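J.: Pasting the sequence and the predicted model now:
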Number of protein chains: 2
Amino acid sequence: MAPIEAHVKEPLLKLEDLPTPAIVADAARVEANLALMARAHPGSALRPHVKAHKSTALAKRQAAHGHRTFCAATVREVEGMAAAGLGEDLLLANETLDATRLGEVVRSGARVTVAVDSIETIEAALSGGVPEVLIDVNVGLPRCGCAPEQAGALGEEARRRGLRVRGVMGYEGHIVGLPERDRREAGCEASMQMLLAAHADVGGDIISAGGTGSYDCNSWATEIQAGSYALMDTAYAQLGLPFVQAFFVLSTVLSVSSDYAIGDAGLKCFGMDHGNPALPGARVLFCSDEHVTFVPGRGEKDRSPSLLDWELVGPVRVGDRIRLVPAHVDPTLAYHERLYVADGDEIIDEWEIDLRGW
Amino acid sequence: MAPIEAHVKEPLLKLEDLPTPAIVADAARVEANLALMARAHPGSALRPHVKAHKSTALAKRQAAHGHRTFCAATVREVEGMAAAGLGEDLLLANETLDATRLGEVVRSGARVTVAVDSIETIEAALSGGVPEVLIDVNVGLPRCGCAPEQAGALGEEARRRGLRVRGVMGYEGHIVGLPERDRREAGCEASMQMLLAAHADVGGDIISAGGTGSYDCNSWATEIQAGSYALMDTAYAQLGLPFVQAFFVLSTVLSVSSDYAIGDAGLKCFGMDHGNPALPGARVLFCSDEHVTFVPGRGEKDRSPSLLDWELVGPVRVGDRIRLVPAHVDPTLAYHERLYVADGDEIIDEWEIDLRGW
């Protein structure tokens, strides 16, 4: 087996030579997803959410598809994006009580806007030195955001204190994962009516909302905050969207018994809140810290092409490689240091997942 | 609010000054857990499992309590322990098909033993240059390990090829989490009878088994592989063990509505396979990537002292700090770069979680 350093010295490292567990993205699939979204929401109509992938290298691919505005969920993501030269228009789509580090990013020359939903978060923006805000409005998801009827007063207060209020934000996260398209559409419309009412009170150019699950039914927002579409996961695969599964966790079979087999990828490889990873053609029984126990299939053709057409796990032997598909992309990538980029079986690049942590 | 660098410059940084989310360990509680375990299993009767905390700094505290033998679940953990000067007797309690890096650790002067359960893993140890092995035996958990009746032949084959077989290993992981003590004891005994039978065929000095959940009922193993006892989590708290909850995730309340409140710690802070983190006195509704949504309590005294006696969440305001208790310690720590160590409200140390990755 090749030594670990091989990928540095040898440009034609193969998938089979990677140390495992490893996250691998399929370059053509990533590009297809990015291109599809850029056609649907070109330029600033999409504000790609970097929380899904936490990689400035992948964000640069999104920029190459025409997007120059980004949003982030953590201060570290904002810092990293600015340091990578992607600081033209960064939105922290989240509240913070300490905007000191964001203010430093502003003073470094980047444009930073922060979401606020209270007097306290307005004060934090002011004292940290972040001059621009969006009023974050609760449109049905039990999370941050002021009540729609409070948005106008908050916007007024922010302006009175000298902040520039660019508009409103409201994430319909309670409906983006609904598998039935008509319920997604109806829920999205109801949420966006609340956001439009708030926007009428607040003003500004921006109505920021949406995600991968509502990218094609949210016609009210001026910009869509989608992130998962680039790589996808088994949860989003259930929605019937045109984006394809573009990454997997490569694992080595460590042990095989008569009833099941074990791969070297476990709880520290996968965000588990949406359940076990999928192993096309096989049945995953459970994950331990560093293991996945699965029942190999018989190698039949699988029925779910967008998720599964690259691999079917039939009978396995010790040393075989398997490809697991995570249930939730965001907390999966947060565990890993790098994303290998493959063209077929060849590793052609390595993207650091450099926006991890806080 | 203090800038992030404060903890470097200012030895008396307070808990309330930490940037959030942050993992914090209570120094006295960690020491109490380490001392209690060292009394039950002194010296080499315990082989602390570093996979639970992934921190050489914490491993050094375990060494200070008399333990010089450690076990690990990944090659990186073995490398890091050796590099930290803790390489006296390291067991990779897991199979590997590529022992090249382990062999380098051996050549650097550390003692490394690796678990094997097949001809292929024996060959990997040989070709990587790892001279010592344990025969890993399946004692009921559907994971790695040969069938007990195959152990003797594997041990013989390993010796025939020139490896030193130090004994057997078999993890009764299917019973360590059973809340009923009598079922744990009976399950442990049944598993250990299988392991003893395998040991009779294999020979060697070591019978390695057990975990935090069986530390006081496994009297057959020569060494216990426990890790969670140092920090604990809500899953282990249900077993009624004498170890106390010794760490939490510190979070800032970002937003408060009439029905619930939001903290800045979410799916990228917590291993979620055992469910939501606990928030003593309050009710956690769900976690998103960077948020926890919870219903604050009324501040009544809670009933579960070992888990909860340091904090009760009554009504909260924006900017308040809350302390969340993770459901599963191992995959929680794997998300974080460092563990702050507190003496009451003072931060007295910072332990890097330096064994992350693979």
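T.: Nice, I can see it.
J.: Count the neighbours of the closest residue in space to residue A:68 that isn't next to it in sequence for me.
T.: Of all residues not flanking residue A:68 in the chain, residue A:88 sits nearest, at 4.8 Å (Cβ to Cβ, 6 or more residues apart in numbering or on different chains). Bear in mind the C-beta positions are built from the backbone N, C-alpha and C, glycine included. Residue A:88 has 15 neighbouring residues, counting by other Cβ atoms under 10 Å in any protein chain shown.
J.: how near is residue A:88 to chain B?
T.: 23 Å (Cβ to the nearest Cβ, to the nearest Å).
J.: dump the residue contacts of that residue.
T.: A:68-69, A:110-111 (Cβ atoms under 8 Å, 6 or more residues apart in numbering or on different chains).
J.: what's the answer for residue A:325, then?
T.: Residue A:325 sits in contact with A:233-234, A:237, A:245, A:248-249, A:277-280, A:307-308, where contact means Cβ under 8 Å, 6+ apart.
J.: tell me, which strand in chain A spans the most residues?
T.: Here the longest strand in chain A is taken by residue count, with DSSP state E as the criterion, and it is strand A:247-256.
J.: Which strands and helices lie in contact with that strand?
T.: strand A:22-26, strand A:261-263, strand A:321-324 (3 or more Cβ pairs under 8 Å, 6 or more residues apart in numbering or on different chains; DSSP states H and E).
J.: at 10 Å instead, please
T.: If you count contacts as 3 or more Cβ pairs under 10 Å, 6 or more residues apart in numbering or on different chains; DSSP states H and E, strand A:247-256 packs onto strand A:22-26, strand A:261-263, strand A:292-295, strand A:321-324, helix A:329-333, strand A:338-343, strand B:112-116, helix B:119-128.
J.: For residue A:213, which of those is the nearest?
T.: Relative to residue A:213, the nearest member of these by Cβ to Cβ is helix A:329-333, separated by 12.6 Å.
J.: Please name every helix or strand in contact with the closest one.
T.: Under the contact criterion of 3+ Cβ pairs under 10 Å, 6+ apart, helix A:329-333 touches strand A:22-26, helix A:234-237, strand A:247-256.
J.: Report the buried residues of it.
T.: A:329-333 (16 or more other Cβ atoms under 10 Å in any protein chain shown).
J.: do the same with stretch A:20-37
T.: A:20-27, A:29-30, A:33-34, A:36-37.
J.: what do you get for stretch A:316-336?
T.: Result for stretch A:316-336 [16+ other Cβ under 10 Å]: buried residues A:316, A:318-336.
J.: Check the offset of that stretch from the chain's centre.
T.: Remark: stretch A:316-336 is offset 16 Å from the chain centroid, using Cα atoms, centre = their mean, to the nearest Å.
J.: what's the first-to-last distance across it?
T.: 26 Å (Cα to Cα, to the nearest Å).
J.: re the thing from before, for the contacts of residue A:325, give me TSV that also has distance to residue A:199 and pLDDT.
T.: As requested, these are exported to TSV (distance: Cβ to Cβ, whole Å; pLDDT from 0 to 100):
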residue	distance to residue A:199	pLDDT
A:233	31	96
A:234	35	94
A:237	33	93
A:245	35	95
A:248	40	96
A:249	41	97
A:277	40	97
A:278	40	94
A:279	45	92
A:280	44	88
A:307	37	50
A:308	41	48
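J.: Between those residues, which sits nearest residue B:103?
T.: So of the contacts of residue A:325, ranked by how close each gets to residue B:103 (Cβ to Cβ), first place is residue A:249, at 25.8 Å.
J.: For the residue nearest to the spatial centre of chain A, report the pLDDT, please.
T.: Nearest to the geometric centre of chain A sits residue A:52, at 1.6 Å (Cα atoms, centre = their mean). Looking at residue A:52, its pLDDT is 98.
J.: among the contacts of residue A:325, which ones are buried?
T.: Listed as buried from the contacts of residue A:325 are A:233-234, A:237, A:245, A:248-249, A:277-280, A:307-308; burial here means 16+ other Cβ under 10 Å.
J.: returning to what we had before: just list the residues touching the residue nearest to the centre of chain A, thanks.
T.: Residue A:52 makes contacts with A:58, A:73, A:211-212, A:226-233, A:328-330, A:332-334, B:289, as judged by Cβ atoms under 10 Å, 6 or more residues apart in numbering or on different chains.
J.: Look up the closest residue to residue A:58, ignoring the ones flanking it.
T.: residue A:351 (5.8 Å).
J.: Tell me what that neighbour is bridged to.
T.: Per DSSP bridges, the residues bridged to residue A:351 are residue A:339.
J.: thought it was touching residue A:230?
T.: No - using Cβ atoms under 10 Å, residue A:351 makes no contact with residue A:230, being 11.2 Å away.
J.: These two: who's more crowded?
T.: Taking other Cβ under 10 Å, residue A:351 and residue A:230 do not tie; residue A:230 has more neighbours (29 against 20).
J.: which one is the more buried one nearest to, not counting chain neighbours?
T.: Counting by Cβ to Cβ, 6+ apart, residue A:33 is the residue found nearest to residue A:230 once chain neighbours are left out, at 5.4 Å.
J.: So that neighbour, which state does it fall into?
T.: helix (DSSP: H, G, I helix; E, B strand; the rest coil).
J.: per-residue confidence for residue A:298?
T.: 74.
J.: In contact with it, which residues?
T.: A:281-282, A:312-315.
J.: I'd like to know how far it sits from chain B.
T.: For residue A:298, the distance to chain B - Cβ to the nearest Cβ - is 20 Å.
J.: Residue A:71 too?
T.: Noted for residue A:71: a distance of 12 Å to chain B, by Cβ to the nearest Cβ.
J.: For burial, what's the neighbour tally of that residue?
T.: Other residues near residue A:71 number 27, with proximity taken as other Cβ under 10 Å.
J.: for residue A:239, same thing?
T.: 18.
J.: ok so, going back, switch the buried residues of stretch A:20-37 over to JSON lines; also include pLDDT.
T.: Below are the buried residues of stretch A:20-37 laid out as JSON lines (pLDDT from 0 to 100):
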{"residue": "A:20", "pLDDT": "97"}
{"residue": "A:21", "pLDDT": "98"}
{"residue": "A:22", "pLDDT": "97"}
{"residue": "A:23", "pLDDT": "97"}
{"residue": "A:24", "pLDDT": "97"}
{"residue": "A:25", "pLDDT": "97"}
{"residue": "A:26", "pLDDT": "96"}
{"residue": "A:27", "pLDDT": "96"}
{"residue": "A:29", "pLDDT": "96"}
{"residue": "A:30", "pLDDT": "98"}
{"residue": "A:33", "pLDDT": "98"}
{"residue": "A:34", "pLDDT": "98"}
{"residue": "A:36", "pLDDT": "98"}
{"residue": "A:37", "pLDDT": "98"}
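J.: Since that was my last question, I'll sign off now.
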